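# Predicted model and sequence below, questions to follow.
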Amino acid sequence: MTESGAWIGWSSPPALQVKRTNDLQMNPRRCPSLLTLLFLPLAACAPDGPDPGGDDDGIVRTALHDFRVEEVADGLVRPFSMAFTPEGDLLVTERPGRLRIIRDGVLLPDSVDGLPPIRALGRGGRSMSGFEQAGLRDAILHPDFATNRLLYLSYVNPGPDSLGTIAIARGRFENDRLTAVEELFIADAFGNGTDRSSMWGGRLVFDHDGYLFMTLGDRQWPSAGELEAHPAQDLSNHNGSTIRLHDDGRVPEDNPFVGRAGIHPEIWTWGHRNAQGMAVHPETGDLWQNEHGPQGGDELNLIEPGRNYGWPVVGYGVNYRTGSRIHSGTLMDGMEPPAHIWVPSIGVSGMLFYTGEAFPEWRGDMLVAGLSGRRLARLRLEGSEVTHEETLVQGIGRIRDVRQGPDGLIYLAIDGETRDIDGPPTGIVRLVPAGRR
Ligand SMILES: [Ca+2]
């Protein structure tokens, strides 16, 4: 799935308003969980917003835990990512290029000063199909943030033309300002020059050894013709790759392609389409990613160095609208098969491994946000195998990001519904346990 629903034929559904906690009603009867959903077309459980007259007490009942969906803050524009500071602030990126602060439950009116130049629609960005995806994307804290105050951002750098390119910067976040900003990485992953040149990737994570990873999308180069000549299969650019860096942007000497002529040494894995979620397993330290496939081909991948994840040569999707074949097959020697696929696609986005105390039966499970699928999915893994999937939340909008708070609660960033730079504001909500089963 593409981030905006599809690259063609996208029409704006009615805006969903996240309601105050005591107004929010989930309706698990109308949106039944897992087994049913997996085999229903998306429209069978179309989001129709909170239903004030709906299911009794506003409690969402799922297999292992019951919870309420509570509003944390409203008034955000295209929130993409959330990060909790040691002081208890919640930092939220807005895709038009703003970093916001939620403090003591209040969204501060001023955005953070000092961000690097960011290309977004309305900031020099060309209006095009998919280009509304440009802007500020992820924000994560350095593992030693409490002492060094380093905040890392991914964003679309203005670049040499109106298309821009994805980049990483870091700066010191203190006193609600970003200072000493330095650009650590600017991708050689340029657009295809057309009005379809989105798919940025841009998800950041630090692993347990302190290395910095970022996903890079393929920039929507056509998946047609000679598939193995696609930029995502070409290691002389960064399109459709995962990169690995030291925290200061240097390339680690043990990256798999260091010293290989004609290959960018930052590359850790390749053959990706548009990975929007990435998380490190709390016990094994394994790196996991999800990525948007075409229709019917969203993937979950276990990321291992030097591996090719196949896009667009192998996969499980078909072209939007026409339903025609894209790939040469689903499996090929030398290309990694996904650990899990979503059929239909749910537009996978932020993901995490849950480790908190608030929902003890979910500890160790993976949570995955869905944009077009408008849901939060819970996956249970045994080793690298997904053994169970459950839909926890549906009907509150496109879910862009999921994070665990210091309180163990689960925070969701709700994406907007329009293709404009702004559009109706959306909110941050959280799941709060409600009783026991
Ligand atoms: Ca793949």
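Sure, I can see it.

# Check the offset of stretch 245-262 from the chain's centre.
25 Å (C-alpha atoms, centre = their mean, to the nearest Å).

# Tell me where the stretch 201-350 of the chain is predicted with low confidence.
Residue ranges of the stretch 201-350 of the chain with pLDDT under 70: 320.

# The stretch 51-200 of the chain: helices as residue ranges?
In the stretch 51-200 of the chain, the helices defined using DSSP state H, counting those that start in this stretch lie at 145-148.

# Point me to the residue of it nearest the ion.
Met199 (14.0 Å; C-beta to the ion). Yep, even glycine has a C-beta here, placed from its N, CA and C like the rest.

# which non-adjacent residue is nearest that residue?
Leaving aside its chain neighbours, Met199 sits nearest to Gly217 (3.5 Å; criterion: C-beta to C-beta, 6 or more residues apart in numbering).

# my guess is the one you found meets Ser197, correct?
No: if you go by C-beta atoms under 8 Å, Gly217 and Ser197 don't touch, sitting 10.1 Å apart.

# Contact partners for the nearest residue to Pro425 once chain neighbours are set aside?
Nearest residue to Pro425, sequence neighbours excluded (C-beta to C-beta, 6+ apart): Gly75, at 4.6 Å. Contacts of Gly75 were listed using C-beta atoms under 8 Å, 6 or more residues apart in numbering, and they are 107, 425, 427.

# Pairing-wise in the sheet, spell out the partners of the closest residue to the first one other than its chain neighbours.
In space, not counting the residues next to it along the chain, Leu107 is nearest to Ala73; the distance is 4.4 Å by C-beta to C-beta, 6+ apart. When bridges are taken as DSSP bridges, the partners of Ala73 come out as Ile428.

# cool, and Val393?
Here Val393 sits in beta bridges with Leu376, as judged by DSSP bridges.

# Asn255 touches Thr269, doesn't it?
No: judged on C-beta under 8 Å, Asn255 makes no contact with Thr269 at a distance of 10.6 Å.

# which ones are touching Glu228?
Taking C-beta under 8 Å, 6+ apart as the test, what Glu228 contacts is Val313.

# isn't there a helix covering it?
Yes: counting by DSSP: H, G, I helix; E, B strand; the rest coil, one finds Glu228 located in a helix.

# check contacts around the closest residue to Pro312 other than its chain neighbours.
Leaving aside its sequence neighbours, Pro312 sits nearest to Ser223 (C-beta to C-beta, 6+ apart; 3.7 Å). Residues counted as contacts of Ser223 (C-beta under 8 Å, 6+ apart) are 230, 294, 311-312, 326.

# cool, Pro337 as well?
Counting by C-beta under 8 Å, 6+ apart, Pro337 makes contact with 310, 314, 330-331.

# does any part of stretch 217-232 sit near the ion?
No: between stretch 217-232 and the ion, judged by C-beta under 5 Å from the ion, nothing touches; the nearest distance is 9.5 Å.

# which parts of the stretch 201-350 of the chain sit against the ion?
Taking C-beta under 5 Å from the ion as the contact definition, the stretch 201-350 of the chain meets the ion at 309-310.

# if we can go back for a sec, pick out whichever of Asn255 and Thr269 has more residues nearby.
Neighbour count, other C-beta atoms under 10 Å: between Asn255 and Thr269, Thr269 has more, with 25 against 21.

# Let me know the helix or strand that that one is in.
Per DSSP states H and E, Thr269 falls inside strand 267-270.

# picking that back up, look up the residues that both of Asn255 and Thr269 are in contact with.
Pro305.

# State the pLDDT value of Arg137.
On pLDDT, Arg137 comes in at 96.

# need the contact list for the nearest residue to it once chain neighbours are set aside.
Excluding the flanking residues, the one nearest Arg137 by C-beta to C-beta, 6+ apart is Gly202, at 3.7 Å. Taking C-beta under 8 Å, 6+ apart, we find Gly202 in contact with 137-138, 154-155, 166, 214-217, 276.

# now the contacts of Gly75 as JSON lines including neighbour count and pLDDT?
As requested, the contacts of Gly75 are exported to JSON lines (neighbours: other C-beta atoms under 10 Å; pLDDT from 0 to 100):
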{"residue": "Leu107", "neighbour count": "18", "pLDDT": "97"}
{"residue": "Pro425", "neighbour count": "19", "pLDDT": "87"}
{"residue": "Gly427", "neighbour count": "21", "pLDDT": "93"}
